[in-house]
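**Student:** Pasting the sequence and the predicted coordinates here, then a few questions.
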Amino acid sequence: MKFGNAHQGVKRIFTAEILGLLASICLTLTLGFVALGVVTVDTKSTGAAIASFGGMAIFGLGAVVLAIISFIIEIIGVSNASKDEGSFKIALYLIIASIVVTVVSGIFSKNETVSGICTVLGDVIRLAITIMIIEGIRHLAAILNDSDMENRGTNLFKVIIVIYALIILARIISLIFSGTGSKVLSGILVFGAGILSIIQYILYLIYLSKARKMLAA
């Protein structure tokens, strides 16, 4: 095994992304319950509203727990891989930047504008982290003469950038409409962004899975 650190690191990143996918699913379901809650309040259906709130709380808590675990494992994995390839080190710095953004978002959680801007900024940093991890794998693939993984990484770049662009656009539009009373439209857009995020996770996981096999050789 030529790149043992990178192999262990990518394995951990893969595990982290699976947990991240589950967190994204839970978050998307939470947003669905939020949208349902808006509807049930309007229709004055108390029972449905309570059921919606209960479901929202369960999936919301699940999303938070899974996201925290995923985040910790990803930091360890990227740190491991950075010992073999410099792109992972840049990804590690970006992860630290995302922590700062998350802290700021938490401090100003009651300010919808600041919180929304932090969410968009977080998406941009997340995109940069993903790109640097893929770039790291592509560099290793080049050294191992695996042209298929190089090409797959290049194609994945394009797809993920398009998906993230749509996600960020949905977040921005949602931020604009959140203060106009159009909460249903805002909720639908954020829910749509969650669906796109899940698609991105799946494509990324497929590539990470192949990277594990490549580095294990």
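**Tutor:** Structure received. Since the model is a prediction, treat every value here as computed from it, not as a measurement.
**Student:** So for stretch 61-71, mean pLDDT?
**Tutor:** Averaged across stretch 61-71, the pLDDT comes to 86.
**Student:** now swap in stretch 82-100 and tell me
**Tutor:** Mean predicted confidence for stretch 82-100 is 94.
**Student:** One more: stretch 25-42?
**Tutor:** Per-residue pLDDT over stretch 25-42 has a mean of 60.
**Student:** Please apply the same query to stretch 176-186.
**Tutor:** Here the average pLDDT along stretch 176-186 is 62.
**Student:** With stretch 114-128 instead?
**Tutor:** pLDDT averaged over stretch 114-128 gives 86.
**Student:** got the contact list for that stretch?
**Tutor:** Contact with stretch 114-128 is made by 94, 97-98, 101-102, 104-105, 108-109, 160-161, 164, 167-168, 171-172, 174-175, 178, as judged by CB atoms under 8 Å, 6 or more residues apart in numbering. C-beta here means a position set from N, CA and C on the backbone, and glycine is covered the same way.
**Student:** Sort out which of these are in helices and list them.
**Tutor:** Members of the contacts of stretch 114-128 lying in helices (criterion: DSSP state H): 94, 97-98, 101-102, 104-105, 160-161, 164, 167-168, 171-172, 174-175, 178.
**Student:** ok, of these, which come out buried?
**Tutor:** Neighbour-count burial (16 or more other CB atoms under 10 Å) is assigned, among those, to 94, 98, 101-102, 104-105, 160, 164, 167-168, 171-172, 174-175, 178.
**Student:** List just the nearest of the residues you listed to Thr113.
**Tutor:** Leu175 (7.3 Å; CB to CB).
**Student:** Can you name the residues that contact the closest one?
**Tutor:** Glu112, Thr113, Gly116, Ile117, Thr119, Val120.
**Student:** What's the separation between Leu29 and Ile176?
**Tutor:** Per CB to CB, to the nearest Å, Leu29 is found 25 Å from Ile176.
**Student:** for Lys2, that is, sorry about that
**Tutor:** Distance of Lys2 to Ile176, given as CB to CB: 50 Å.
**Student:** What residues sit buried inside the helix or strand that contains Gly122?
**Tutor:** If you go by DSSP states H and E, Gly122 is part of helix 112-143. The neighbour-count check on helix 112-143 (16+ other CB under 10 Å) flags 115-123, 125-141 as buried.
**Student:** and if you look at stretch 151-165?
**Tutor:** Arg152, Gly153, Leu156, Ile160, Ile163, Tyr164.
**Student:** Same check on stretch 71-84?
**Tutor:** Those would be Phe71, Ile73, Glu74, Ile75, Gly77, Val78, Ser79, Asn80, Ala81, Ser82, Asp84, for stretch 71-84 by 16+ other CB under 10 Å.
**Student:** for stretch 190-197, same thing?
**Tutor:** For stretch 190-197, using 16+ other CB under 10 Å, the buried residues are Val190, Phe191, Gly192, Ala193, Gly194, Leu196, Ser197.
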